Every structure is written in C-alpha cells, then in structure tokens.
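*Asks:* task: produce atomic coordinates for the following.
(2 chains)
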Amino acid sequence: MPTINDYGAVIGAQALEELLLLGGKLAGKSVLNINSTAVGGGVAEILTRMVPLLREVGVNAKWDVIKGDEHFFAITKSIHNALHGVPAAISDAEFDYFVETNRRNAAEMDLHADFVFVHDPQPVALVEQRQKCGGHWLWRGHVDFSRPDLRTWNFLRHYVELYDGAVFSAPSFARELAIKQLLIAPSIDPLSDKNKELSQPEIDAVLERFAIDPSRRIITQISRFDYLKDPVGVIKAYKMVKRYTDAQLVLAGGGATDDPEGPKVMAEVAAEAAQDKDIFVLFLPPASDLEINALQRASTVILQKSLKEGFGLTVSEALWKGKPVIASAVGGIPLQVAHKFSGILTRTVEGTAYWIKQLIHEPEYARKLGVNGREHIKNNFLITRHIKDYLLAFLSLEHKGDIVHL
Amino acid sequence: MAPGATFRFNTKFDQTLLLGKKARNVGELCQGVRSVPDASIYYHTHKFLQQHHYLSPEPPNDFAYWTTQVLNEATLGEQLSSVDIIQFHAIAALRQRIADLLDGYLQSVYRSVDAPEGQEFYFMSTQTFVLATRYEARDLAEFAAALRHISIQSIYFHVFDATLRLAQGENDFSLWFRAQGKPRLADQLLRLDPYTYTLEGLRQALIAIVERYADD
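*Replies:* Numbering: from 1, shown residues only, chains lettered A, B, ... in the order given. Predicted structure coming up:
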C-alpha cells in the first residue's frame, strides 16, 4: 500500500510539505473512527486507506466497528433506503431496536478520544455517551440526503444534532441543522489500480481482449447498468453522432445484483445496441479496476449521462486521466465539472450528441478541457485533499472564528 | 509593520462550511446575499479563483456562474462577472455591489425563473486556518528567493485574504515593502490586478516586480 510520501510525486513536494505541517498541528491527538463494517462498502474502503495515512501525518487514528444482528442490519438497510427517498415503513419498535443496539455497542466500546468520528446512520446513536466520554464528536453522512423520507430523517436528526458537527459530501445533501455543517467531498486515489498510470501496451492489451479497435475514436461510459445511468440515452446520443462521424461506443460496468429492474435495463441496452458491431456492451465483474482504467485511458470522449447521481466519482476518475468529459448536471457532478472550463454539462440526449461531435471535431478544445479537468481533480478530489479536509474538520471543532491563526 | 522586520510567509487551509440555505431564483439569491456572513460572500467571490487557479482567464464568481449557466440570465451574469473585486477593500461594500446588481435585475423583469430542482444556489462559507511556513525574508533578495518556493496558497493568503478579509486596505507584501522604505515598489505592486492572473502567473509577476524595483 502506498505511503504518504509516495503521493509527493503526484501532488508536488510543496503540497506534501504543507499537508505534513497541518498534520503537525494535531500531532498525537486521538481520532476514533466508527462505522458498521470493516470490509465491503464505500466507507470501509475509504477508512482502509485513510486511517494509515492519517497516522502517517501524525494523528493517532483508530478505527472501530459496531456489531449488530440480522434484524439490526435489516433496519439500517431500510433507513439507508429511506434516506435516499424510498418510502419506508419503519416501525417504532424497529427504531427502538436500532437505539438499543447502539446502546449495547456503546457499553462494550471504549469511546474515549480527542475526536470521535462516526460514519453513516448505523452508529449514529452512540453520541448519547458523549457526556460520559468527552471529546469532540463529528458525524459524517456518506449517502445522498437531498430528498430523504422525512420521518426517518427526523428520527436521525435528533441524534445528529447532539454532535458538534456534521459532514456532507455535496451542498445539496446538507440539511437545516442546529450544528456546524462541513462540506467534504469524496476523493479518488491516484495510486490505486483504477487510477494509476498505465503503459500503452497495458492499455492496448485490454482493448485487444475486448476486440476494440485502438485506431478509431472511442466514446465511453463507465457505470453499472441501471436506468439512473441512462445507458439507453447514451446509445441514442452515440447513434446521432454516428450519422456523421465514425466512432465506437463502449458501455462498461457491472450489473446491480439487488436491482430488480437490472435484467430489464440489460435487455433494453442489448436491443438498442443490436445491429451495430461498434457498440461494445461490457459486463465487467467486480475487481475490474485495471480494465476500467485502460478503457478510460483509451477513450476519445468519456460520458456520464446519469439521470440521478450520488457524487459520481467516475467523473473524477475520467478527468484525472486528462479526458474530455460530458456529464449530466446532477448530484455531485457540477462540483467536478465547471461547464466549458473543465468539461461539459448537458441535460438531454440531443445536447450530449451535439457536444460529442464538437469535442471530436475540435480536438484542441477537447484537449484543453482534459488538461483543466485533470488539474481540477489534482487540486480538489484526490485522497490527499480528503486527508487535509479531515484534519481541518477536527481543527474546526476546536477553534471558532472565520480566520484562525494556529 | 516595523522597519527592518522579518517577513514571515504564512500559508492557509480552508474548510468549506455549508450554511443549509439555498436560493431558487434571483430574488432568493438577493435575500441570501444580504444576510449570509462575510465569509460566505468571500467564499462565493473567490472559490473559483482558488479551485481553478490554473485557468486563465479564470471563471467568474459563483453568483455569475449560477445566473448564467443555470438561470440562463446572460446579461445579469455578465454584470456579476464584471464586478471589479480589486476595487473593494471591505466585504460589506462588495456585498452591497452584488445585491444592488441583483436588485436592479429584479426591478427590470416581470418575473424571474426558478432553477431546476437540484441546481439551486447553495450558500456556503469558509473557515480559514493560517500557519507559519519555514520561509522568511529579511531583505528583498531573500523575499524574491522565497517567492519562488512558497506555495500558491501562501501567495493567495498574503495577496487576497490579507486585502479583503483582514481589511488592511492593501496586501501583506506591499505593507512590508513600505516598511522597508520601498514605497515605489509597494505602489507598483498595488497597480497589479491579481484577479486577472492564474496563481502561478501571479507568482511570476510578483517576482518580476520585486526584481525590477528592488533598487528604486
């Protein structure tokens, strides 16, 4: 696993020096991260990388996990869906069981730390213990809170407002709360298999495996096959382009196994893609990071034509590879793309087709978008920025005022 | 600043804060502009400059970007992007100018459009942490040498934050030059419009001015 010093080659020695300088202001302070699973899921993935790196910058970072039975996790799954806006019928008895499980965990855990950083709703009620344990308490909601089921949100809100601060991933996820709210966007790891530099032979080998012609233009969308990612809309836009311009289309991603609409989407995609041998529909298994990396690096233009999106980190991954990106103005995508500066934002199939043609026919403009996009990601969406934001979040719980001299 | 004082270069880190407040149209934007804290006005007029510091010319401020790209109000967007921030030495005056432009628009239209759901203007703010770096200068030669090594956040803090947020009337560099008995150099620096440079471009421009006027 890369060390903090390995990132100096990516962000520059000066930026690394300043990150370590900031870490020095929290040297020896303890940070206890708490979530509900040690493996699997986005939060565990982030903590697996962040905890060692926080230690390397001088913070005494720890990570603990709450325990629960099947009933508890069935309730938390309902809560998760309800926060995404899916109507939920969570009973009072289920809410009570949720709180009881948190209390049982609290009785078994050592919650003493300078900063207790609780991730997602599952352990949110541990905060009842804060008077007994001391320290500053911070809660992070990693999911899209833009249109939550209100009854579920009001239940959680009671606990969230017992914290010193709440962290959200995008401005539209913020709620009206009586406590400080911080914006910390997710990040990509430039040294991971999905984002590290690849040699041309490595890229060519992946294209050869899928019989994609490296000498012709490639338009790509990487996403799971789901209505909300609008794969059919992508094919329609591609067909509008293809009338005048030669290109291949790659739709690559996994299927959502728990999505009952999955097979229907796949069937529609297959029907739309039939009779055009230049459309490559690639159902990739999990752990296809190197393949995704190579497909993105081989692309002429990358799309993310989502109808709804959480943060949409695939956009950051594409921009990091210096590619011109056309993406929908939904979820966290507008944070990653400034229209006509670091990429293109569209809202329709026709608009997407128009901009694909523009970028293909104006490669110098497309290149400039790619260069700007990569710089934007380098400065704002790499894991090193995420570490910096966590350090700042802890400091902001200790200090008041607009400008703080440390 | 005392004559002969050593200049200590600071750097800064910004934590973005969410205010939980949003605007769907120009009327709500105007209400928000009048009521949010100073740090929020500073954030929305400087975020692009800091986040997109490699672009030249840099994109306009958040207010201009949103009215142009989301509300499709090109004339208002152009007016907002043309606000000459360098002329303002206090946030209150800058806030008033932006609110006046929004008011002028509201008085000139029969109805204003609403942003599509999810594309509302979200008011944010910033908390800034300032840390001393290992770079310092006792004379102009050391100052020019340090300028080549400090981070762009350091330049940003001493030029932009110092002028507007600390309400000093001028930036940290020009204040130090005056204390060193170099008023001509300080004046030359104040003639530079830092908002029209990328931050790397600004670094080079600062070095060129210091080297050119060091002996004046």
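*Asks:* quick one: contacts for residue A:145?
*Replies:* By CB atoms under 8 Å, 6 or more residues apart in numbering or on different chains, the contact list for residue A:145 reads A:83, A:153, A:168, A:173-175. C-beta coordinates here come from the backbone N, C-alpha and C atoms, glycine included.
*Asks:* ok, now residue B:64?
*Replies:* With contact set as CB under 8 Å, 6+ apart, residue B:64 has these partners: B:77-78, B:80-81, B:83.
*Asks:* quick revisit: can I get the contacts of residue A:145 in JSON lines including neighbour count?
*Replies:* JSON lines is the format used below for the contacts of residue A:145 (neighbours: other CB atoms under 10 Å in any protein chain shown):
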{"residue": "A:83", "neighbour count": "23"}
{"residue": "A:153", "neighbour count": "18"}
{"residue": "A:168", "neighbour count": "25"}
{"residue": "A:173", "neighbour count": "26"}
{"residue": "A:174", "neighbour count": "26"}
{"residue": "A:175", "neighbour count": "17"}
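*Asks:* any chance of a markdown table for those, columns pLDDT and distance to chain B?
*Replies:* What follows is these, written out as a markdown table (pLDDT from 0 to 100; distance: CB to the nearest CB, whole Å):
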| residue | pLDDT | distance to chain B |
| --- | --- | --- |
| A:83 | 88 | 16 |
| A:153 | 94 | 13 |
| A:168 | 93 | 6 |
| A:173 | 83 | 9 |
| A:174 | 83 | 4 |
| A:175 | 82 | 6 |
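*Asks:* quick one: which of those sit in strands?
*Replies:* residue A:168 (DSSP state E).
*Asks:* and the closest residue to chain B within chain A, how many neighbours?
*Replies:* Among the residues of chain A, residue A:171 lies nearest to chain B; the distance is 3.5 Å by CB to the nearest CB. Residue A:171 has 23 neighbouring residues, counting by other CB atoms under 10 Å in any protein chain shown.
*Asks:* list the contacts of the residue in chain B that chain A sits nearest to.
*Replies:* Nearest residue of chain B to chain A (CB to the nearest CB) works out as residue B:122 at 3.5 Å. If you count contacts by CB under 8 Å, 6+ apart, residue B:122 has them with A:171-172, A:174, B:18-19, B:21-22.
*Asks:* using CSV, write out every CA atom in the lowest-mean-pLDDT helix or strand in chain B.
*Replies:* None of the helices or strands of chain B scores lower by mean pLDDT, DSSP states H and E than helix B:38-51, at a mean of 88. Once non-C-alpha atoms are left out, helix B:38-51 reads as follows in CSV (Å, rounded to 0.1, in the frame of the first residue of the first chain):
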residue,chain,number,x,y,z
ASP,B,38,-19.0,38.0,5.3
ALA,B,39,-17.0,34.7,4.9
SER,B,40,-19.8,33.4,2.6
ILE,B,41,-19.6,36.4,0.3
TYR,B,42,-15.8,36.0,0.2
TYR,B,43,-16.1,32.3,-0.5
HIS,B,44,-18.5,32.7,-3.4
THR,B,45,-16.5,35.5,-5.0
HIS,B,46,-13.1,33.7,-4.6
LYS,B,47,-13.8,30.0,-4.7
PHE,B,48,-13.4,29.7,-8.5
LEU,B,49,-10.1,31.7,-8.3
GLN,B,50,-8.7,29.2,-5.8
GLN,B,51,-10.2,26.0,-7.2
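*Asks:* next SSE downstream of it?
*Replies:* Tracing the chain C-terminally past helix B:38-51 and defining elements by DSSP states H and E, one meets helix B:62-69 next.
*Asks:* and that next one with helix B:38-51, angle?
*Replies:* 70 degrees (axes from the mean of the first three to the mean of the last three CA atoms, to 10 degrees).
*Asks:* follow-up on the earlier one: which other helices and strands contact the least confident helix or strand of chain B?
*Replies:* Helices and strands touching helix B:38-51, by 3 or more CB pairs under 8 Å, 6 or more residues apart in numbering or on different chains; DSSP states H and E, are helix A:363-380, strand B:7-23, helix B:62-69, helix B:91-108, strand B:121-137.
*Asks:* can you list contacts of that helix?
*Replies:* For helix B:38-51, contacts defined as CB under 8 Å, 6+ apart pick out A:338, A:376, A:379-380, A:402, B:14, B:16-17, B:19, B:33, B:58-63, B:65, B:83, B:85, B:91-92, B:94-95, B:98, B:123-128, B:156, B:160, B:164-165, B:195, B:199.
*Asks:* near chain B, which residues of the stretch 151-300 of chain A show up?
*Replies:* A:168, A:171-172, A:174-177, A:180-184 (CB under 8 Å from any CB of the partner chain).
*Asks:* which one is residue A:190 nearest to, not counting chain neighbours?
*Replies:* Spatial nearest neighbour of residue A:190, excluding adjacent residues (CB to CB, 6 or more residues apart in numbering or on different chains): residue A:10 at 4.9 Å.
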